[in-house]
Every structure is written in structure tokens, then in C-alpha cells.
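**Student:** build me a structure from this.
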Amino acid sequence: MLRLLLTLSFVLLSQSVSDAGEKLNVLFIAVDDLRPELGCYGSPIAKTPHLDRLAADGLLFDRAYCQQAICRPSRASLMTGSRPDTTGLYHNYVSLRELQPDILTLPEHFIAHGYEAAYCGKIFHQGDTDDGRSWNRESVKQVEGIRKPKGGYALSENLKMKSDNMKTMLAKYGEAARKGLAAGPAYEKADVADTDYIDGYNTEMAIATLKELVQDGDKPFFLGMGYKLPHLNWCAPSKYWDLYNADDIPMAQETEAPQDGAAMGLHASFELRTRAGIPKSGPLSPELSRTLKHAYLASVSYVDAQIGKLIAALEEAGVRDNTVIVVWGDHGWHLGDLGVWGKATNYEIATRVPLMIWAPDMQARGAKTDALVELVDIYPTLCELADIPVPTHTEGTSFEPLMQDPNQPWKTAVFSQYPNPALREWAANPLSRGMRETWFGPLIQQVEDRIIQQQGSKWDRELFEQHLMGYTMRTDQYRLVVWRDHRDAQAEPLFIELFDHATDPQETKNIAKEEPELTKKLLAQWRAGWEAAK
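**Tutor:** Below is the predicted model:
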């Protein structure tokens, strides 16, 4: 009898260890300002072999959308599973915990269910890292022989230019100057090692952290790796620039604002213009535009190479087949599209993001889905894949079923929002004195004049600067943009935009006035909200 009990105990213990070993790990890869400018998304020019390879063995989402096209609100939404109107976080200069001290984040929830959670690079926005709560393990901070880059640039002349510009603005505006009033060049090409820029350095830290997590081995891990590029400034080693012939790079096809579109729908490319060497008003020259897109593509290829190294390390550690890999961009980016350089709009270019996932037992390998999904869906999806409960506060829908059958009926609409891009800074915060007094004053006045001309008696400075929100809904065929006072859920729209993707995929003409019945129907669908679209 004793022998039988000991045998049963050994079997149960072995089964328990086996079960623990089978718990899926998560490699959670975020890429800043990355639009779907990748080979796997059909780009004729982008050199992204590692992401293409991952997509070829996983599931690629062709129509994935962020909740707000700016860093902090988008990431706060994804990491909490809650939409911006729930978090209350609409710009980059307020913290998540300041507004939502008790909300349960994605890695925090995984920690509660037995995971070790660590991160390198940018997962939450800077200043919102939630250390000690969303993460229960320190990442590796130093690897022998690798020095941490400082200042963003590798070339001394660019570091000096950035420092000098900042000193000038700090003397005039104090600490407010750090919110974008001074910068160095928008790009840099330098013959340096990958680790001489921060994304290459952080990749090595993530690989070292991964090795530690696997070596300890007593718990499954949730490892976040956040890439800064292709966020400005576009600084990448020369070898990634050399992947491209500048003359072969295709440029934006539609460079004018949408016909009959909202005057407040576009901004004056402030985020780029604050960089040294960029014109402070007027259009960019064709030569500069081509150089800037070249810099963006080089940055994308650099990040792709780092992701390749990270996935290779996962394989070398022997845990590739037991790890969910998800790659997401926090929002898109205009590269001259609609005449804008930057994120921060409610249009397709800014709200559509790259998203791909790989998991051990998924059926849809090498597939692409047209299903409408949102970044807010990642939280419940990872919970389901890890076999842990989905918190009741989440406002997304797990897309795990699409990983088995990517062609099944899915959401009827997805939702994004952005406060008045024209009269906000690029971090979505209200215009500061410094922004008005520097070279941006005339640009702001030009945009304001256009809004007043279009809106007439509806114009109210406090409303348009402080409280106007653009809410956008993307259906299978249409994009609806509703501009209204976000303080009042019953407020009538001040302006409506409607774009038909069947005939106008680049959103060049607002047809809301031409199609009143369709607009009314879609407005009713928008008012029903995300719950009705599931």
C-alpha cells in the first residue's frame, strides 16, 4: 500500500511539473510608430525578412487598428484592455496611474497567475513604466563589452546640435522646452554597430534577460521588448540605409488634404518640423521627402534585424515552441500621405497598425485575415492563449478563434479617437505658450483660420482646443469620423466625415453630405458603440 501511495504521489508530482512546464511563455514585441510598411504587408520596397518569416508561419492581421494614434494613450489602452474614454488618457503628459490607480494591467494579471514579467525598451510610454507592479523581475541592465548609448545619436556633431538647441530653449521656456521645443536632426546614418543605438542595445539586454528567465525555469515568463524606432529620430547604422536605392523608393501618392474634409482633421507636421534642418513652414522638397522616407525604411529594417536576433535567441534557448510571439505597432505614421508627416490623425494611415501572432497550437499558419481587430483585443487574446481568466474590465474581444479559422465572420466595426489634431501638440496635449511663440505660431494661426472659415458660428476657442474629439469607426467598407464635444455623450456632431474604401481607399474625398442616408445609418451604428460591433 505504501509503495502504491508513493507511486501515485510521484505520478501526480510529475504531472504537476509537466503541467507547469507546458504553460505558455509570451514574447511581447512592441514597435513605435510602425505603419504596415513591411514586406509581409505587400510593401514593394521594405526589407523586413525576419518579420516576413514570422508572418509566414503565424497569422497576419491586415486590418488591425489602434484606439488612439499617439503613444501613451494607445499603449495605456492596450496594456489595460480599456479604451481611451474609459482610461481618460488622451495625451502623453498624464500618467495612467494618476487617472486609473487600481486598473489591472496585462503583465500584472499574468504575474497574479504565476508568471515572471520583465521588459526592455519601451512598452508603456516613458514615465508610465509601472515598475514594481506590472513587472516583478528586473531585466538585465548590462552585458559585458556593450556600452549603453546616450543622447540618441552616434555622431558627435549631432549630439552637440541637439544639446545646443535644448540649452537655447531651456533658457527661454524652462522645463517646458523638454516637451518638444528643441531637437537635433530628424535622421542619422552612421557606420556603427547595431548596439551603438538604443534598440540594438536593448535587444542584447532582452536576450540576456531571456536567458536568465529560461535558466531559472521554475515559472513561465512574459517578456516585453519595446523598440523605439521607427519613431523620430530615424537613426540607424549605415548598412540598413544601404539596403535601399533612394531612387527606387515609392513616395506618397495622395499629398493633399481630403476634399471637403474636416479642417481640424490634419495637423501641420509639428513633430517633424521641430527637428533641426526641417522647414518650419511650407511643403518639404521632393529631395528631403525622399531622404526622410529612406531614413524611415532604414529604421524599420534595423528593427527587423533586432527582432530576428531576439527570435533566434528564443530558439537557441529551446523555448521557441512553447512561446506565444506577438508583434504590434502602437499606431501608424503619415509619410507625406494627405500632406502630413507624423501620426496623430483619425485617418486610415494613422490608425491602421501592423499586428501578427504566432502560437504553438494555432491552425492558421501562414495566413492573413481581413477581420477587423483592435489593439485592445490583445489583452483578452493572450489571456485565453495562456489559459488564464479574462478580467471583466476589458473592452476587447479575444481573436484566438481567428488563429484557428481566419475567415470566419468577425467584428462589424472597430473604433479609434483623437482630440483635435490641428489645435493640439503632437503629443495630443493642449497648445503651450512655447508652441505659439516659436516658429509654430504662424502655422497654428493658419490652421485656426481654416477651421473658423469652415465651422462659422460653431467656432468656440475653448471647445475646439480643449474639448473637441474626433471619434472614428472603421467598418468593412467605410470610415466614419464624428467630431463632437467629448464632455457630452449626447452632443450633436459639429462635423462628420465619411470615406468609402471600396472606391477611395486612400480617403481623399469626404462623401458625408452626398450620402445623407448612409451617413445617418453609420452614425447610428457608431452610437451603438463597440459593444454592438462584437
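**Student:** going forward, measure contacts between C-alpha atoms and count neighbours the same way
**Tutor:** Fine.
**Student:** give me the pLDDT for Gly127.
**Tutor:** Here, the pLDDT recorded for Gly127 equals 83.
**Student:** typo on my end, Gln68
**Tutor:** pLDDT recorded at Gln68 is 98.
**Student:** can you tell me the SS state at it?
**Tutor:** When classified by DSSP: H, G, I helix; E, B strand; the rest coil, Gln68 comes out as coil.
**Student:** now do Arg487 against Asp85, distance only.
**Tutor:** Arg487 sits 10 Å away from Asp85 when distances are taken as C-alpha to C-alpha, to the nearest Å.
**Student:** same check on Gly336?
**Tutor:** Gly336 is 29 Å from Asp85, where distance means C-alpha to C-alpha.
**Student:** same question, Gln253
**Tutor:** Spatial separation of Gln253 from Asp85 under the definition C-alpha to C-alpha is 34 Å.
**Student:** quick revisit: looking at Gly336 and Asp85, which has the bigger crowd around it?
**Tutor:** When neighbours are counted by other C-alpha atoms under 10 Å, Gly336 comes out ahead of the other of Gly336 and Asp85, with 22 against 12.
**Student:** dump the residue contacts of the more buried one.
**Tutor:** Contacts were defined as C-alpha atoms under 8 Å, 6 or more residues apart in numbering; by that measure Gly336 touches Met251, Ala252, Thr255, Ser289.
**Student:** of these, closest to Lys239?
**Tutor:** Ser289 (20.6 Å; C-alpha to C-alpha).
**Student:** check the secondary structure at the closest one for me.
**Tutor:** Following three-state DSSP, the label given to Ser289 is helix.
**Student:** Pro421 versus the closest residue to it other than its chain neighbours, what's the distance?
**Tutor:** Using C-alpha to C-alpha, 6 or more residues apart in numbering and skipping residues adjacent in sequence, the residue nearest Ser289 is Gly336, 7.6 Å away. Computed as C-alpha to C-alpha, the Gly336 to Pro421 distance reads 16 Å.
**Student:** in terms of helix, strand or coil, where does the closest residue to Tyr153 other than its chain neighbours fall?
**Tutor:** Here the nearest residue to Tyr153 in space, its sequence neighbours aside, is Leu159; by C-alpha to C-alpha, 6+ apart that works out to 5.9 Å. Classification of Leu159 into helix, strand or coil gives helix, according to three-state DSSP.
**Student:** report the residue spans of the stretch 301-450 of the chain with pLDDT below the cut-off.
**Tutor:** Within the stretch 301-450 of the chain, no stretch falls below the threshold (pLDDT under 70).
**Student:** and for the stretch 1-150 of the chain?
**Tutor:** By pLDDT under 70, the low-scoring segments of the stretch 1-150 of the chain are 1-21.
**Student:** what ranges does it have for its strands?
**Tutor:** The residue ranges that make up the strands of the stretch 1-150 of the chain, judged by DSSP state E, counting those that start in this stretch, are 25-31, 59-65, 116-121.
**Student:** so which of the ones you listed comes closest to Ala367?
**Tutor:** Distance to Ala367, taken as C-alpha to C-alpha, is lowest for strand 59-65 among those, at 5.1 Å.
**Student:** packing partners for that closest one?
**Tutor:** strand 352-353, strand 355-358, strand 367-374, strand 413-419 (3 or more C-alpha pairs under 8 Å, 6 or more residues apart in numbering; DSSP states H and E).
**Student:** neighbouring strands for the first one, and are they parallel or not?
**Tutor:** In other words, strand 352-353. strand 59-65 (antiparallel) (DSSP bridges).
**Student:** what comes into contact with the partner strand?
**Tutor:** Applying C-alpha under 8 Å, 6+ apart, the contact partners of strand 59-65 are 41, 331, 351-358, 364-375, 403, 414-416.
**Student:** just the buried positions in that strand, please.
**Tutor:** Under the neighbour-count criterion of 16 or more other C-alpha atoms under 10 Å, strand 59-65 has Leu59, Leu60, Phe61, Asp62, Arg63, Ala64, Tyr65 buried.
**Student:** stretch 200-212 too?
**Tutor:** Using 16+ other C-alpha under 10 Å as the burial criterion, the residues of stretch 200-212 that qualify are Gly200, Tyr201, Asn202, Thr203, Glu204, Met205, Ala206, Ile207, Ala208, Thr209, Leu210, Lys211.
**Student:** hey, where'd the helices end up in the stretch 401-534 of the chain?
**Tutor:** For the stretch 401-534 of the chain, helices defined by DSSP state H, counting those that start in this stretch occupy the ranges 433-437, 441-455, 461-462, 516-533.
**Student:** quick one, which of the ones you listed gets closest to Ser269.
**Tutor:** When these are compared for distance to Ser269 using C-alpha to C-alpha, the nearest one is helix 441-455, at 9.8 Å.
**Student:** re the thing from before, can you redo the buried residues of stretch 200-212 as TSV with secondary structure?
**Tutor:** What follows is the buried residues of stretch 200-212, written out as TSV (three-state DSSP):
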residue	secondary structure
Gly200	helix
Tyr201	helix
Asn202	helix
Thr203	helix
Glu204	helix
Met205	helix
Ala206	helix
Ile207	helix
Ala208	helix
Thr209	helix
Leu210	helix
Lys211	helix
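**Student:** ok, back up a step: what's the separation between the residue nearest to Tyr153 and Lys150?
**Tutor:** Leu159 is 9 Å from Lys150, where distance means C-alpha to C-alpha.
**Student:** can you check Val143 too?
**Tutor:** Using C-alpha to C-alpha, Val143 is found at 16 Å from Lys150.
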